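1. Just a sequence and a predicted model for now, questions to come.
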Amino acid sequence: MPSRLTDERAIAIARHYCENGFDKTNALRSVRTAEGGQYYKESYCATTGHKLYNNAKVKAEIARITADNAKETKLTVLQVLEDLDYGVTASKKKGDLNALARFSELRGKHLAMYTDKYADATDHKPPVLSAEELEKVRRANIAITKETA
């Protein structure tokens, strides 16, 4: 049975999904008809619309948009971790406990310490790091371990 999802609609769904903070329901609400009306009914968006995200066209377009965004920002996990380390150091020097708590919270989120859900390994692929980047991450983890000990 051929898919009724057109390429244009798949692209629109993926674009709105990425623009709406990866919120599937609100992304479907944002898809518009040529006349400007809402394409999907509210009840469909809230209940079974999430199934559209299993479509190969939509998945491919989301991957393409995500890759394009990563190229534009050129931000790496290592850069974020280094910024967090700098923030921890600066907040310790200032004695700013609120900032220190926030940086610690962000580090914990990076380590997925606060998740109650099982993370499906097939949905998320870890970034490919060079040997130099892996060494920096290893050193950062050792430094975090020493600080908390």
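-> On my side now, so go ahead. Numbering: from 1, shown residues only.

2. Find the residue at the geometric middle of this structure.
-> In the chain, the C-alpha nearest the mean C-alpha coordinate belongs to F22, at 7.5 Å (C-alpha atoms, centre = their mean).

3. and V137, how many neighbours does it have?
-> Residue neighbour count, defined by other C-beta atoms under 10 Å, stands at 15 for V137. Every residue, glycine included, has its C-beta placed from N, CA and C.

4. Revised request: answer the last question for L111.
-> There are 11 residues near L111, going by other C-beta under 10 Å.

5. can you tell me how far it sits from R139?
-> In this view, L111 and R139 are 16 Å apart by C-beta to C-beta, to the nearest Å.

6. what does K94 give?
-> Applying C-beta to C-beta to K94 and R139 gives a distance of 24 Å.

7. again, but for I11
-> Taken as C-beta to C-beta, the span from I11 to R139 is 42 Å.

8. go on, D7?
-> 46 Å.

9. So what touches stretch 128-148?
-> Stretch 128-148 has contacts (C-beta atoms under 8 Å, 6 or more residues apart in numbering) with 76-78, 81-82, 85, 88, 107.

10. Buried residues, it. List them.
-> By 16 or more other C-beta atoms under 10 Å, the buried positions in stretch 128-148 come out as 140, 144.

11. do the same with stretch 57-68
-> Per 16+ other C-beta under 10 Å, stretch 57-68 contains these buried residues: 57-58, 61-62, 65.

12. Let me see the contact set for L81.
-> Per C-beta under 8 Å, 6+ apart, neighbours of L81: 110, 137, 140.
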